[in-house]
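Undergrad: compute the structure for the input listed below.
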Amino acid sequence: MTLACGHGSNQSPVPRPTAPLPTAALAGQPVSLFPLTLVAAEDSLHWEAQLGDRHATLAKADSVISTLIKARAPEVTWVLPEELRRAARRAPSVATDPDQMSTALLRAENVAIVPDPLRSQLRTLAAIAGGRYALVPAALVFRRTVAPGDGRTVPGPTAPPPLPHPPVATAELSIVMVDVRLGRIDWRTIARGRGDDPWSALTRAVKNLTPGLP
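TA: Numbers count the residues shown, from 1 in each chain. You can find the predicted model right below:
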């Protein structure tokens, strides 16, 4: 089965719309949802306090992604990151800890075939957990949406009321669907969402993967 791919090879200055999760093609199948391993934010956001603890940041991001995807796409039998970790611990001689895999390299749009050793690692762990497909959040990047002071007016006796302050950042979640038997990326997109803090921005990005729901 080949799923629709969310991106082509041509570059465009305008971000492509988020491609929805291909849940209809996966209904009733087990799909492994791998943990995130890469989070980055532009320095101008000054989010060191929110994102400085890498372990806590990755755990929070996994929780947001897992909770929303499971709730908003219940037609798929999701094997969540914690279940994958348990599966890896049950077979330490053959399975790799999913938190130690180089899944971040899949964020590159020119990657169509998963390279080894990641290819064999994904195939082995997905085989233990069950299922042919793996949904891999490859990277989460926060970018400043507006410059400091945007949306404000200069004070003065004739100044109009200030405009609503726009969200400060955009979350960009690079995410791919891998056919682990063939080692092929069958679908990819970048889900975007805006917010004034990392988690509201990420929440909106993940919700954009399942359009039509509030």
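Undergrad: what are the buried residues along the longest helix anywhere in the chain?
TA: Taking DSSP state H as the criterion, the chain has its longest helix at helix 54-72. Across helix 54-72, burial judged by 16 or more other Cβ atoms under 10 Å covers 57-58, 60-62, 64-66, 68-69, 72. Every C-beta, even on glycine, is put in place using the N, C-alpha and C of the backbone.
Undergrad: stretch 18-26 now?
TA: Those would be 18-23, 25-26, for stretch 18-26 by 16+ other Cβ under 10 Å.
Undergrad: start to end distance for that stretch?
TA: 18 Å (Cα to Cα, to the nearest Å).
Undergrad: now it: average pLDDT?
TA: For stretch 18-26, the mean pLDDT works out to 93.
Undergrad: renumber starting at 527 from here on
TA: Yep, numbering from 527; the last one is stretch 544-552 now.
Undergrad: remind me which residues of this protein are low pLDDT?
TA: For the chain, the stretches with pLDDT under 70 are 527-539, 672-693.
Undergrad: could you pull out the helices in it for me?
TA: 549-552, 574-577, 580-598, 607-616, 644-655, 724-733.
Undergrad: and the ones you listed: which comes nearest P663?
TA: helix 580-598 (5.9 Å; Cβ to Cβ).
Undergrad: which residues touch the closest one?
TA: 547, 559, 561-563, 565, 576-577, 604, 606-607, 625, 661, 663, 666, 699, 724-725, 728-729, 732-733, 735-736, 739 (Cβ atoms under 8 Å, 6 or more residues apart in numbering).
Undergrad: redo that, cut-off 6 Å
TA: 561-562, 565, 577, 604, 606-607, 663, 666, 728-729, 732, 736, 739 (Cβ atoms under 6 Å, 6 or more residues apart in numbering).
Undergrad: ok, which pair from those is furthest apart?
TA: Top of the distance list for those (Cβ to Cβ): L577 and L739, 27.5 Å.
Undergrad: sorry, back to before: rebuild the buried residues of stretch 544-552 as JSON lines, extending it with distance to A630.
TA: Shown next, in JSON lines, are the buried residues of stretch 544-552 (distance: Cβ to Cβ, whole Å):
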{"residue": "T544", "distance to A630": "20"}
{"residue": "A545", "distance to A630": "20"}
{"residue": "P546", "distance to A630": "23"}
{"residue": "L547", "distance to A630": "20"}
{"residue": "P548", "distance to A630": "22"}
{"residue": "T549", "distance to A630": "24"}
{"residue": "A551", "distance to A630": "26"}
{"residue": "L552", "distance to A630": "23"}
